[in-house]
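[1] Just need the structure, nothing else, for what follows:
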Amino acid sequence: MTDFAAIHAASDRWMQAWMDQDMALLDASLAPDFTLIIGNAPGGCVTRAEWLAMVPRYVCTRFAYRDVQLRGLDALVLMSAIADFDASVDGVDRSGAFFVTDAWRRNSDGRWQVAARYSTRAEPAGEPSLERMFSR
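    So this is what the prediction gives:
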């Protein structure tokens with residue numbers, strides 16, 4: 001299995017563990033220094049402990065990645081994708097399509113762990129995009 005295939009599989013397991021509320025697998029998936037940066041609050045970050053503490057309140061019933069891209073950068077592999085899901089936090093709907101970028105690295109045991117996730121709502125279809133701007 002290539003590193004890219006391993007990262008994609010690890011990411012799928014991480015999100016399935018979130019849906020299943022599998023705290024042991026979630027704990028194993030996150031690097032000790034994991035952080036989540038959210039697009040509408042880029043000045044702050046959610047720590048690993050804060051994210052894990054929120055999981056029981058963050059209920060996801062459907063999750064799918066699309067448009068996955070992977071890029072190796074020295075000791076990191078970056079995975080970007082549209083994460084499309086149905087979820088709620090404390091009963092407040094958080095469903096939708098989000099553009100996410102995850103930074104993955106190997107731990108001392110050689111297993112891949114996610115060290116950071118950057119997340120923001122995806123642009124609605126039909127909005128002007130850089131892709132169209134570059135394809136003149």
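
[2] what's stretch 34-52 in contact with?
    For stretch 34-52, contacts defined as Cβ atoms under 8 Å, 6 or more residues apart in numbering pick out 23, 26-27, 30-33, 54, 113-121. Using the backbone N, CA and C atoms, a C-beta is placed for each residue, glycine as well.

[3] Make a ChimeraX selection of the buried ones in these.
    The buried residues among the contacts of stretch 34-52 can be selected in ChimeraX (16 or more other Cβ atoms under 10 Å) with this line:
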select :26,30,31,113,114,115,116,117,118,119
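
[4] So which of the contacts of stretch 34-52 sit within strands?
    The subset of the contacts of stretch 34-52 located in strands under the criterion DSSP state E comprises 30-33, 113-121.

[5] Turn those into JSON lines, including pLDDT.
    Below are the ones in strands among the contacts of stretch 34-52 laid out as JSON lines (pLDDT from 0 to 100):
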{"residue": "Leu30", "pLDDT": "97"}
{"residue": "Ala31", "pLDDT": "97"}
{"residue": "Pro32", "pLDDT": "96"}
{"residue": "Asp33", "pLDDT": "97"}
{"residue": "Gln113", "pLDDT": "97"}
{"residue": "Val114", "pLDDT": "97"}
{"residue": "Ala115", "pLDDT": "97"}
{"residue": "Ala116", "pLDDT": "97"}
{"residue": "Arg117", "pLDDT": "97"}
{"residue": "Tyr118", "pLDDT": "96"}
{"residue": "Ser119", "pLDDT": "95"}
{"residue": "Thr120", "pLDDT": "93"}
{"residue": "Arg121", "pLDDT": "88"}
